[in-house]
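Participant: pasted the sequence and its predicted model underneath.
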Amino acid sequence: MASRVLAQCVRSLTRPSARLSSGGVAVRVIAAPVLANHRPYSFVSNCQRTRWIEQTRISSNVGVLCRQYGDLPPLTLETIKDRVMYVLKLYDKINPEKLQASSHFMKDLGLDSLDQVEIIMAMEDEFGFEIPDAEAEKLMSPEDIVHYIAEKKDVYE
Amino acid sequence: MASTSKTQVISLYRMLMKESKKFPSYNYRTYALRRVKDGFRENVHVENPKTLDLLLNQARESLAIIKRQVSIGQLYTTQMTIVERVGA
């Protein structure tokens, strides 16, 4: 009788952890403390990158069966667009009221090719990967940038 | 070599900015970035090919200087200044 109760308890403990160990980044834990280490976006010229890191912690008696994962949250088209617009709003030569997703850097916002290079370098810093010259010179609006990053990072909707 | 001088100028600008960002020292890094931006900005309207050539050669020499100084600086790093430390 006691062994049956024990077996039921173990089964109920292992069930959520089985879900956890099969998961990756986006893991839901029921009734366990979630540690979210949030940091604000920062566009700093000295290349300091801050990252969103999420870690999940489980209570110790199921510690044997589950893993702790730390990774960036998955990119979606929405988040890419938000980050691109945020970086552009921080750029001092762009008027944030005039900025829209489809505004052309040279025709609508009055920037020149040197400014466009600076913008693309800021995007490289924000998203953490290199954009080669040949493709960088074609990115002329925030929408182009979002589509390019989504292509490179395999983000589909 | 790039086909047109415009692409040459743009690629030089990119390379200079990228190398300048690698300076470990805060002072050199901010100065180099500012000087590169200002240097290219003030010569935006130059059309004379001879002056252009002169300026581009100066830029290439600066690029070589920056690369050497970056590697020297990375050999002998010091502590980060208080303005660079992120967070509390």
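Facilitator: Yes, it's here.

Participant: alpha carbons only for contacts and neighbour counts from here, please
Facilitator: OK.

Participant: any idea which element the residue nearest the centre of chain B lies in?
Facilitator: Closest to where the C-alpha atoms of chain B average out (CA atoms, centre = their mean) is B:L16, at 3.3 Å. According to DSSP states H and E, B:L16 maps onto helix B:5-20.

Participant: that helix packs against which elements?
Facilitator: Here helix B:5-20 touches helix A:113-127, helix B:26-42, helix B:49-75, going by 3 or more CA pairs under 8 Å, 6 or more residues apart in numbering or on different chains; DSSP states H and E.

Participant: send me the second one as CSV with only the CA atoms.
Facilitator: The one in question is helix B:26-42. Written as CSV, here are the backbone C-alpha positions of helix B:26-42 (Å, rounded to 0.1, in the frame of the first residue of the first chain):
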residue,chain,number,x,y,z
TYR,B,26,38.5,53.4,-24.0
ASN,B,27,40.3,56.6,-25.0
TYR,B,28,41.8,55.3,-28.2
ARG,B,29,38.7,53.5,-29.2
THR,B,30,36.4,56.5,-28.8
TYR,B,31,38.9,58.8,-30.4
ALA,B,32,39.5,56.5,-33.4
LEU,B,33,35.8,56.1,-34.0
ARG,B,34,35.1,59.8,-33.8
ARG,B,35,38.1,60.7,-36.0
VAL,B,36,37.2,58.2,-38.7
LYS,B,37,33.6,59.5,-38.8
ASP,B,38,34.6,63.1,-38.9
GLY,B,39,37.4,62.5,-41.4
PHE,B,40,35.1,60.8,-43.9
ARG,B,41,32.3,63.3,-43.2
GLU,B,42,34.3,66.4,-43.9
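
Participant: run through who's touching that helix.
Facilitator: For helix B:26-42, contacts defined as CA atoms under 8 Å, 6 or more residues apart in numbering or on different chains pick out A:N46, B:Y13, B:L16, B:M17, B:S20, B:K21, B:K22, B:F23, B:M80, B:T81, B:E84.
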